[in-house]
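Colleague: Sharing a model prediction with you, sequence too.
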Amino acid sequence: MSKKFFLSVVLCLSVGTLFCAPGESKYSKSQSDGIFTMGPQLSLLFTDIHFNSQIKAGFTSGFGVGVFFRIGGVAHFQPEIAYSLKKFAFNPTFPELEGNPKFSTHYLSFTPMLGVSVINNDDFKFRIFFGPEGGMHLKNNYVGNHNPFTKFEFGGKIGIGFDVYNATVDIGYRYLMSKNSEISKIQQEYQRQNMIFVSVGYCIF
């Protein structure tokens, strides 16, 4: 991974600390009651493409914005709705994809996850979460001979999260289980676009 990857993660986490200053907070009341929490979320996405030995690919950055919800207490339901711009590029060695194709997609996703607060204090929480994800490609941009995207995708997410006062930071891995159509037809193999994400959110309830 490049320096750009690590610098982007540090930047995202630094933004999160701006919301973490001690003081009177809605977070202590709403979160400690353990009933309902929601808020906006901003994500940095680092996409990796997995195919076979004929394709070389690395992490490419993107971004996402959305809304998260948490319903429950120590064990909770954690649905998220998000829009994202994802990118990837690779250098294939088979002739059907000429040059160095680059792709980006505008993506809408819904992730109905389950979470558990391993540490559940009023002003600090440490969480784990996991669940399925379904998504739809709204618009695709690509340079090359083939559109690699299907209309719909499904996969899953797993990760850890930290809540400090009103701020929330999630770090995790998103894996794709569905097949992307056009490139897969060329080689008759599964091509998956997986992703590391770092999200910063703010609890408004």
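Modeller: Received, thanks.
Colleague: low pLDDT regions in this structure?
Modeller: Using pLDDT under 70 as the threshold, the predicted model of the chain has low-confidence ranges 1-34, 49-59, 88-102, 142-149, 179-193.
Colleague: now the strands: where do they sit in it?
Modeller: In the chain, the strands defined using DSSP state E lie at 36-50, 55-57, 60-72, 75-92, 102-120, 124-143, 152-164, 167-176, 192-202.
Colleague: most tightly surrounded among those?
Modeller: Ranked by mean neighbour count, those are led by strand 192-202 with a mean of 21 (mean count of other Cβ atoms under 10 Å). Every residue, glycine included, has its C-beta placed from N, CA and C.
Colleague: what packs against that strand?
Modeller: Counting by 3 or more Cβ pairs under 8 Å, 6 or more residues apart in numbering; DSSP states H and E, the packing neighbours recorded for strand 192-202 are helix 3-17, strand 36-50, strand 60-72, strand 75-92, strand 167-176.
Colleague: Go again with 7 Å.
Modeller: In terms of contact count using 3 or more Cβ pairs under 7 Å, 6 or more residues apart in numbering; DSSP states H and E, strand 192-202 is assigned the packing partners helix 3-17, strand 36-50, strand 167-176.
Colleague: Could you check the angle it makes with strand 36-50?
Modeller: With axes from the mean of the first three to the mean of the last three Cα atoms, to 10 degrees as the criterion, the two stretches strand 192-202 and strand 36-50 enclose an angle of 150 degrees.
Colleague: Export strand 192-202 to PDB, keeping only CA atoms.
Modeller: Once side chains and other backbone atoms are set aside, the C-alpha atoms of strand 192-202 remain, and they are given as PDB (Å, rounded to 0.1, in the frame of the first residue of the first chain):
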ATOM      1  CA  ARG A 192     -14.600  -9.200  -7.000                       C
ATOM      2  CA  GLN A 193     -14.100  -5.600  -6.000                       C
ATOM      3  CA  ASN A 194     -13.300  -5.500  -2.200                       C
ATOM      4  CA  MET A 195     -12.800  -2.500  -0.100                       C
ATOM      5  CA  ILE A 196     -11.300  -1.200   3.100                       C
ATOM      6  CA  PHE A 197     -13.200   1.700   4.600                       C
ATOM      7  CA  VAL A 198     -12.700   4.400   7.300                       C
ATOM      8  CA  SER A 199     -15.900   6.200   8.300                       C
ATOM      9  CA  VAL A 200     -16.400   9.300  10.600                       C
ATOM     10  CA  GLY A 201     -19.900  10.100  11.900                       C
ATOM     11  CA  TYR A 202     -21.600  12.300  14.300                       C
END
